[in-house]
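# dropping a prediction and its sequence here:
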Amino acid sequence: MFDIKENLKKLPDLPGVYMHKDSLGQVIYVGKAVSLRNRVRQYFQSYGKSTPKLAALTSQIAEFEYITCGSEMEALVLECNLIKKYQPKYNVLLRDDKTYPYILVTTSEKYPRVLKTRIIKKDGNRYFGPYSDVGAVNLIVDQLNEMYGLKRCSAEDFPDGFRPCLNYHIEQCQGICRGDVDEEAYGKKIDGIISFLAGRNKEFTRELKAEMETASAEMRFEDAARARDLLLSAEALSQAQRVTMVSGRDMDVVIPVKDEENSFVVLFTVRDGKLVGRETFDVASLDGDEEKLLTAEFLKQYYEKWADVPHDILVPELPDDAELIEEFLGRNKHKVKISVPRKGERLAIMKLAKKDVIEMLGTIKDRQKSSKEKSANLKKEMDGVVKCACEAMGLSVKEQNKSYRVESYDISNTNGVDSVGAMVVFEGASKIRKDYRRFKIKTVEGPDDYASLHEMIYRRLVRANEGDPAFKILPDIIFMDGGIGQVTSCLKAMDDAGVKLPVVGLAKDDSHRTRAIVFADGKELDLKEHPLLFKYAGTIQEEVHRFAIEYHRNLRGKRAITSVLDEIQGIGPARRNALLAYFGSVDAIKNADVEELAQVSGMNRSAAEHIVAFFKK
C-alpha cells in the first residue's frame, strides 16, 4: 500500500509538478510547486481542509506522484501540458486550446514577419516558446518590428499600383511593397532575429545595453527607458524552457534503471515539442543483464504494436543492434532514429529526464508495490461480481489469475438521427484504447436504444465468430451502461450470435451517479458498501458515454456540413471543401456575395450564383 506519510518525507526541495491520484490510480489533480516538499505536504495539513473543494480532493487522495523540473517556469509549462492530457477532476479546465503565446517568424514567406501567436501549425515557419510572460512577448514583437522595420502586412504579391499602408508612411516599414528592400539584406536581419529568439542573444543584449547607456548619457531618457524595457523583456524570454522545445517534434526518452532487486524502464513522452508525461515499466531481468540490454528489449517489445512510432527515441547508451532495431520500428512507415543526444535541446531534455529519474528512484518501489496491491484489491472485488453474474446466467465460474478484461457499450443519437454505438475495453483499471470500437447503427429506425444495442453487440460477436482479428479477443465480462433493459438486449444479442458471456448492468441514481450493479436475474449489488467497485464502475460508465457522444457529435457535424452545401447545384466535394477552407463556416458562405464566392479556387460565376440563389430561398 502507498504510504503517504513515508513518501512525504522523501519529497525533494525542488521545483516540479505533482499529481494526486485516487484509489484507482486516476489523476484527479495536477499542480506545480516551487518546492515540492513544502507544497505537497500542505494538502495533508490544515490547508487541505480550508475549502470544501480541497476537503473533497484530499479525501480522495490515495497516492501522489511528482516530476522534478529545472525551474518554476518549466514546472508551469509542464503543469499545463499534464492538465491537458489528464483533464483532472479537481483542476480548473480551460475549454478551448489556447495556452501560452509563441513568437512566430514566417520563414515560409519571401519577406518573413515576426508575430505573436497561440496556435502552432506544421507550415514550415519557425515557432519560439511558449512564454508565460505575455507582456514581454508583446513588447519584444513590437520592438523587433520597429527596430528592423519589418514587414507587417500579410500580402505577398504587390502588383503595379499597389498602395503602401500606413506603416510605410509613418516609417515603421521599409516599403517592401514598393520594391525598395533588398531580399538578401532583409534575410540577414531575420537570421539575426532567429538567432536571438533561439537563445544566442549575447550580441543583441550587448547592443541594447550600449544603446541604453548612450541614451542615458545624452539625457534621452525616453529612448533609454525603451531600451531598458526591451532588455528586461529579452532576459525574460531567454530563460531555458526545456519543457517545450523549439523544434516541436515528437520524441520519446527511454532510460533503463537497475538496482539490487528490480529493473525498470522510465519512458518520458514528448509530443509537439512538449514534455507531456512519464511512465514507469517493471522489467523482468537477470542480475548480469546490462542496462543497454534492457533498453533494446524494451524498444522491441513496447513499440512492436504501435502504428506510429516517434521519429526520435533518445537513450543514455546505444543498445547493440541499434540500426536493426531502427529498421524494425520504422518498418514500412517512416524512419526511426535511436540516438544518444550530445548537445542542444535534445541533450537538455535528456538531462531533465535523468535528473527526475534520480529523484524518483526512492519512490519507484513503493509505487510498484502500491499498484500491485491496488490491482489485487480490484481483482478480488471483480471475482465476486463475475461469480454472481455467472450464477445469474447459469454459467460455470472459471478461476482466473490475471485482471479481468471488461467490455462496455453505449448508444448515442439525437432523436434517433445519426445513431451510433461505442465499445470500450478495460483490463483491470487500465483503458485499452487500441481495442475501442465504434459502430454506425444501420437497421434501427428512430430512438430505440435497446434495438441499437442488440445490433451493435450482435455485429461485434459475429465478427469474433468469423475470426476478424479486430474483434477476436472476447471479454471476461460485459458491463452494460444501464439497467435490466440493457442487460436483456445484450443477452438476446448473445443468444442470436451463439455466444455466452457473463453480463451485468450499471444502474444510476436520480443524480446520474452509478448506484448498483444489476445482474441478469434482476438482483442488484448496492455499491455504497463497495467504494472501489463504485469508482471502477463509474469510470467505465463515464468513458463509454464520452466515447459514444464524441463519435455522434463528429458524425452529426459532418452530416450538417454536407447536407447544406451538397444540395446546391454545381457544388461537389472539391468545391465544398475549398469554400469551407476559404470562408471558415457555412454562415460565412451564406453571407458572401457572388464576386466573393467566385474568387475561391475552383469556383466560377455560375456556381457562385447557384449558391446565392440557394440561400436566398
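All right, it came through fine.
# what's the burial count for S71?
S71: 17 surrounding residues under other CB atoms under 10 Å. C-betas here are computed from N, CA, C, even on glycine.
# hmm, it is touching G16, no?
No: with contact defined as CB atoms under 8 Å, S71 does not reach G16; the gap is 10.0 Å.
# the strands in the stretch 201-350 of the chain, which residues?
Using DSSP state E, counting those that start in this stretch, the strands of the stretch 201-350 of the chain run over residues 251-258, 263-271, 274-283, 312-314, 337-339.
# relative to Y551, which of these is closest?
Proximity of these to Y551 was assessed by CB to CB; the nearest stretch is strand 263-271, lying at 23.1 Å.
# shaky segments in the stretch 351-500 of the chain?
Within the stretch 351-500 of the chain, the ranges that satisfy pLDDT under 70 run 362-368, 415-417.
# hmm, back to that, may I see the strands of the stretch 201-350 of the chain organised as a markdown table, with mean neighbour count and distance to A322 added?
Listed next are the strands of the stretch 201-350 of the chain as a markdown table, based on neighbours: other CB atoms under 10 Å; distance: least, CB to CB, whole Å:
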| stretch | mean neighbour count | distance to A322 |
| --- | --- | --- |
| strand 251-258 | 21 | 12 |
| strand 263-271 | 20 | 16 |
| strand 274-283 | 18 | 19 |
| strand 312-314 | 21 | 10 |
| strand 337-339 | 16 | 5 |
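# in a markdown table, list these along with distance to Y409 and mean pLDDT.
Listed next are these as a markdown table, based on distance: least, CB to CB, whole Å; pLDDT from 0 to 100:
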| stretch | distance to Y409 | mean pLDDT |
| --- | --- | --- |
| strand 251-258 | 33 | 86 |
| strand 263-271 | 30 | 81 |
| strand 274-283 | 29 | 73 |
| strand 312-314 | 37 | 90 |
| strand 337-339 | 41 | 90 |
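# from the chain's centroid, how far away is the biggest helix by length in the chain?
The single longest helix within the chain, with elements called by DSSP state H, is helix 344-393. Between the centre of helix 344-393 and the centre of its chain there are 20 Å (CA atoms, centre = their mean, to the nearest Å).
# need the next SSE after that helix, C-terminal direction.
Later in the chain than helix 344-393, the nearest helix or strand by DSSP states H and E is strand 405-414.
# next, the buried residues of that next one.
For strand 405-414, the neighbour count (16 or more other CB atoms under 10 Å) marks R405, V406, E407, S408, Y409, D410, I411, S412, N413 as buried.
# cool, and stretch 461-470?
For stretch 461-470, by 16+ other CB under 10 Å, it's L461, V462, R463, A464.
# and stretch 223-232, by the same measure?
For stretch 223-232, the neighbour count (16+ other CB under 10 Å) marks A224, R226, A227, R228, D229, L230, L231 as buried.
# can you check stretch 593-600 too?
Result for stretch 593-600 [16+ other CB under 10 Å]: buried residues V594, E596, L597, A598, V600.
# so can I have TSV of these showing secondary structure and pLDDT?
Output for the buried residues of stretch 593-600, formatted as TSV (DSSP: H, G, I helix; E, B strand; the rest coil; pLDDT from 0 to 100):
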residue	secondary structure	pLDDT
V594	helix	89
E596	helix	86
L597	helix	89
A598	helix	88
V600	coil	87
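# between these, which sits nearest L24?
Nearest to L24 among these, counting by CB to CB, is V600 at 51.4 Å.
# right, and that closest one touches L579 too?
Yes: the criterion here is CB under 8 Å, and V600 meets it with L579 at 5.7 Å.
# quick one: the helices in the stretch 401-550 of the chain?
449-465, 484-497, 531-565 (DSSP state H, counting those that start in this stretch).
# quick one: closest of those to D383.
helix 531-565 (11.3 Å).
# low-confidence ranges in the stretch 501-617 of the chain?
Low-confidence segments of the stretch 501-617 of the chain (pLDDT under 70): 556-563.
# please redo it, this time with the cut-off set to 90
Applying pLDDT under 90 to the stretch 501-617 of the chain picks out residues 507-515, 527-529, 531-532, 535, 538-539, 541-542, 545-607, 609-610, 613-617.
# center of this structure, which residue is that?
What sits nearest the mean C-alpha location of the chain, by CA atoms, centre = their mean, is K85, with 4.4 Å.
# how distant is the helix or strand where that one lies from the center of its chain?
Assigned by DSSP H and E, K85 belongs to helix 72-86. Here the centre of helix 72-86 is set off from its chain's centre by 12 Å, with CA atoms, centre = their mean.
# mind listing what's buried along it?
Buried residues in helix 72-86, defined by neighbour count with 16+ other CB under 10 Å: 72-83, 86.
# swap in stretch 529-549?
Neighbour-count burial for stretch 529-549, with 16+ other CB under 10 Å as criterion, is recorded at 530, 532-541, 543-545, 547-548.
# what residue of this protein is the furthest out?
Seen from the C-alpha centroid of the chain, the residue lying at the greatest distance (CA atoms, centre = their mean) is E218, 53.4 Å away.
# can you pull the pLDDT of that one?
E218 is assigned a pLDDT of 85 by the prediction.
# need the buried residues of strand 405-414 in a markdown table (columns: distance to S419).
As requested, the buried residues of strand 405-414 are exported to a markdown table (distance: CB to CB, whole Å):
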| residue | distance to S419 |
| --- | --- |
| R405 | 27 |
| V406 | 24 |
| E407 | 20 |
| S408 | 18 |
| Y409 | 13 |
| D410 | 12 |
| I411 | 7 |
| S412 | 7 |
| N413 | 4 |
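# packing partners of the host helix or strand of A185?
Secondary-structure element containing A185, defined by DSSP H and E: helix 183-197. When contacts are defined as 3 or more CB pairs under 8 Å, 6 or more residues apart in numbering; DSSP states H and E, helix 183-197 sits against strand 102-105, strand 126-128, helix 134-148, helix 202-217.
# tell me which of those lies nearest to D320.
Of the helices and strands packed on helix 183-197, nearest to D320 by CB to CB is strand 126-128, at 37.4 Å.
# wait, K85 sits on G277?
Yes: in terms of CB under 8 Å, K85 counts as a neighbour of G277; the distance is 6.0 Å.
# hang on, the earlier thing: want to try CSV for the helices and strands packed on helix 183-197, with mean neighbour count as columns?
Formatted as CSV, these follow (neighbours: other CB atoms under 10 Å):
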stretch, mean neighbour count
strand 102-105, 22
strand 126-128, 22
helix 134-148, 17
helix 202-217, 14
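# just put those in CSV and tack on distance to I571.
Below are the helices and strands packed on helix 183-197 laid out as CSV (distance: least, CB to CB, whole Å):
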stretch, distance to I571
strand 102-105, 34
strand 126-128, 36
helix 134-148, 40
helix 202-217, 52
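# tell me which of these sits nearest to H20.
Nearest of those to H20, taken as CB to CB: helix 134-148 at 28.8 Å.
# tilt between the closest one and helix 202-217?
Angle of helix 134-148 versus helix 202-217, following axes from the mean of the first three to the mean of the last three CA atoms, to 10 degrees, is 80 degrees.
# S59 is in what secondary structure piece?
Using DSSP H and E, S59 falls in helix 52-60.
# who's in contact with the closest residue to E595 other than its chain neighbours?
Spatial nearest neighbour of E595, excluding adjacent residues (CB to CB, 6 or more residues apart in numbering): A608 at 7.8 Å. Taking CB atoms under 8 Å, 6 or more residues apart in numbering, we find A608 in contact with V594, E595, L597, A598.
# spit out the contact partners of the last one.
The contact partners of A598, taken as CB under 8 Å, 6+ apart, are N604, R605, A607, A608.
# please name the residues that touch the second one.
For R605, the residues meeting the contact criterion (CB under 8 Å, 6+ apart) are V594, A598.
# torsion angles phi and psi at it?
R605 adopts backbone torsions of phi -70, psi -40, taken as degrees, to the nearest 10.
# quick one: it and E65, what's the gap?
63 Å (CB to CB, to the nearest Å).
# relative to V340, how far out is I325?
Computed as CB to CB, the I325 to V340 distance reads 14 Å.
# now K523
K523 is 60 Å from V340, by CB to CB.
# kindly report the same for D593.
Remark: distance between D593 and V340 (CB to CB) = 60 Å.
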